[in-house]
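1. Prediction below, plus the sequence it came from.
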Amino acid sequence: MRGLGRETGYAHGVEPGLLLMGACRSFGIPEISVYGFTKDNTKRPAVQKQAFSAACIAFAEAALHQGAALLVIGDTASAQFPQELRPYCTRQGNGLKVNLLVNYGWEWDIEGLRLSGRLRSQEVPRLDLVMRWGGGRRLSGFLPIQSVYADFFVVEDYWPDFRLDHFHQAMRWYQRQDRTLGG
């Protein structure tokens, strides 16, 4: 949209993530899950892969510095998983629980059922709301089991353009939803 390559946008996604964490804290939301990048994203050009990996590392470090209880979920056996994030594959820290999906794939996650009888993302509870930026109207493999009854709110702006008003709009919209959870 601004004539820049995709790789330049990833670093600009760190600060919005930290703003979102603060908004969730002040709203009393105890846990959030954030998509860093998917296994499918690793098919992109090397410059993009390096940029989104670096952004995930920067976000993880900043989230911990701001008092998050960080858990990174993703395929650590893959060469695409940033080694710097390995220590966070078990929850580290206290405070707002932040689940960061890095090199995550829904098939990889569900394969855990066959291998060990549980999802690899088993620590992530059922989601109430999924917010999607950039006008996208699909889950893109985002925690499909936990999202089964989630309400879906779409923001037309791109993630680096996140404003607190986006969060407040989503919260007002969500509070008006009829949450029957299939019943």
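-> Done, it's in.
2. in the stretch of helix or strand Leu64 belongs to, what counts as buried?
-> When elements are defined using DSSP states H and E, Leu64 is found to belong to helix 46-65. Residues of helix 46-65 classed as buried: 48-49, 51-60, 63-64 (neighbour count, 16 or more other CB atoms under 10 Å). Using the backbone N, CA and C atoms, a C-beta is placed for each residue, glycine as well.
3. before we move on, what about stretch 89-105?
-> Buried residues in stretch 89-105, counted by 16+ other CB under 10 Å: 93, 96-105.
4. Now do the end-to-end distance for it.
-> 15 Å (CA to CA, to the nearest Å).
5. circling back to that earlier point, just the ones in strands from the buried residues of stretch 89-105, please.
-> 97-104 (DSSP state E).
6. now the strands for this structure?
-> Under DSSP E, the chain gives strands at 31-38, 69-73, 97-104, 129-132, 151-154.
7. Just tell me which of those ends up closest to Pro16.
-> Of all the strands of the chain, it is strand 31-38 that lies closest to Pro16, at 10.1 Å by CB to CB.
8. who does the closest one pair up with?
-> The strands beside strand 31-38 in its sheet (DSSP bridges) come out as strand 97-104 (parallel).
9. From the chain's centroid, how far away is the strand it pairs with?
-> Chain-centre distance of strand 97-104: 5 Å, with CA atoms, centre = their mean, to the nearest Å.
10. So what touches that strand?
-> 21, 30-39, 42, 53, 56, 59-60, 63, 68-76, 78, 80-82, 85, 88, 91, 121, 123-124, 141-143 (CB atoms under 8 Å, 6 or more residues apart in numbering).
11. rerun that using 6 Å as the cut-off
-> Applying CB atoms under 6 Å, 6 or more residues apart in numbering, the external contacts of strand 97-104 come out as 31-36, 38-39, 56, 60, 63, 68-75, 78, 80-81, 85, 124.
12. out of everything not next to it in sequence, what's closest to the residue most central in space within the chain?
-> Geometric centre of the chain, nearest residue: Val34, 1.4 Å, by CA atoms, centre = their mean. Counting by CB to CB, 6 or more residues apart in numbering, Val34 lies nearest to Leu100, which is 5.4 Å off, once chain neighbours are set aside.
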